[in-house]
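**Q** need a structure here:
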Amino acid sequence: MKSKITDIKPQKRRSKRRSIFINNEFLCGVDEEIVAVLGLKVGQEVAKRKIEEILYKEEVKKAKDYAFKLLSYRPRSIKEIRNRLKKKDYSSKVILEVVKSLKRLKFLNDKEFARMWVESRIKTRPMGRYRLQQELIQKGIDRDLIEETLSSYREEEEIELAKELAQRKLKRSYQNLDEVTTKRRLYGFLQRRGFSYDTIQEVMKELRGVDDERE
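**A** Numbers count the residues shown, from 1 in each chain. Got it, this is the predicted structure:
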C-alpha cells in the first residue's frame, strides 16, 4: 500500500504545531512552517524519501529553536553551539545545517563574540590577557582572531586594571596580614586572573604606597 497523508491536525496545546498522520497512523508533530514549506496536504502520496525529509526538517527546526534559546541568554561561539547541540544528540548533519543557518543570519559570528566577550570580562571581571586568551581558546576561537581581538587591550589598560584589583583586595581581604603574606597572596591572586609577570611586578612596586594608605 502506498503511503498517504491521511490527516494534518492542529495540536490542542500548541497552536503552531501540527500532527501528521500517514495511513491513519501518527507519524510526528511538526511546526506549521514545515507543513507550508514542504507543501504537505491531506491526501498527498508520500514516498519514503519525503517522509524522511519531513522528519529531518522537524529535527532541524527543534535544534534551531534550542540554539536560539541558548543565544537569548548570552552570545555564544560557534563551538559552544555545536557542543550544546551535540549533547542533545542531534546528528552532525543537523548541527552543520543549524550552524550554517545561524551564521548566515548573523546570530553566530566568532569575531563579534570574541570582541563582546573581552569587553564584558574587562568590565565585569577584570583579568589579564593570558586568562582572556585561555578562555577564548576554550570557546573555540581561532588563535589569529584572538590575537586580533586582544590587540585593542593595551598594556597600560591591563596594568591599571591590575592595580585596581590589587587595591580592592588590600582593602577588603588582606588588612590583617603581614606584608610578606600580603604580597604572596596578592601575587597568586593576580596570577590566577591571568596577568603577566611584568604587570604583577609593576603592581608590586606600588604595593608599599597602598599599604601606607591602608594604615
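**Q** list the buried residues for the lengthiest helix in the chain?
**A** Counting residues, the longest helix found in the chain (DSSP state H) is helix 48-73. For helix 48-73, a neighbour-count test (16 or more other Cβ atoms under 10 Å) marks 50-51, 54, 57-64, 66-67 as buried. For the C-beta atoms, the positions are set from N, CA and C on the backbone; glycine is no exception.
**Q** tell me how far R154 lies from T124.
**A** 19 Å (Cβ to Cβ, to the nearest Å).
**Q** least trustworthy helix or strand in the chain by mean pLDDT?
**A** In the chain, the helix or strand scored least confidently by mean pLDDT, DSSP states H and E is helix 207-214, which has a mean of 50.
**Q** after the longest helix of the chain, next one along is what?
**A** Going down the chain from helix 48-73, the next helix or strand is helix 78-87, by DSSP states H and E.
**Q** output that following helix as PDB, nothing but the C-alphas.
**A** Extracted C-alpha coordinates of helix 78-87, given in PDB (Å, rounded to 0.1, in the frame of the first residue of the first chain):
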ATOM      1  CA  ILE A  78      30.200  28.500  17.100                       C
ATOM      2  CA  LYS A  79      31.900  25.800  19.200                       C
ATOM      3  CA  GLU A  80      29.600  26.400  22.100                       C
ATOM      4  CA  ILE A  81      26.500  26.000  20.000                       C
ATOM      5  CA  ARG A  82      28.000  22.900  18.300                       C
ATOM      6  CA  ASN A  83      28.800  21.300  21.700                       C
ATOM      7  CA  ARG A  84      25.400  22.000  23.200                       C
ATOM      8  CA  LEU A  85      23.600  20.600  20.200                       C
ATOM      9  CA  LYS A  86      25.800  17.500  20.300                       C
ATOM     10  CA  LYS A  87      25.000  17.000  24.000                       C
END
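**Q** I'd like the next helix or strand past that helix.
**A** helix 92-104.
**Q** contacting residues around the nearest residue to V30 once chain neighbours are set aside?
**A** Nearest non-adjacent residue to V30, counting by Cβ to Cβ, 6 or more residues apart in numbering: E58, 4.6 Å away. Applying Cβ atoms under 8 Å, 6 or more residues apart in numbering to E58 gives the contacts C28, G29, V30, D31, I34.
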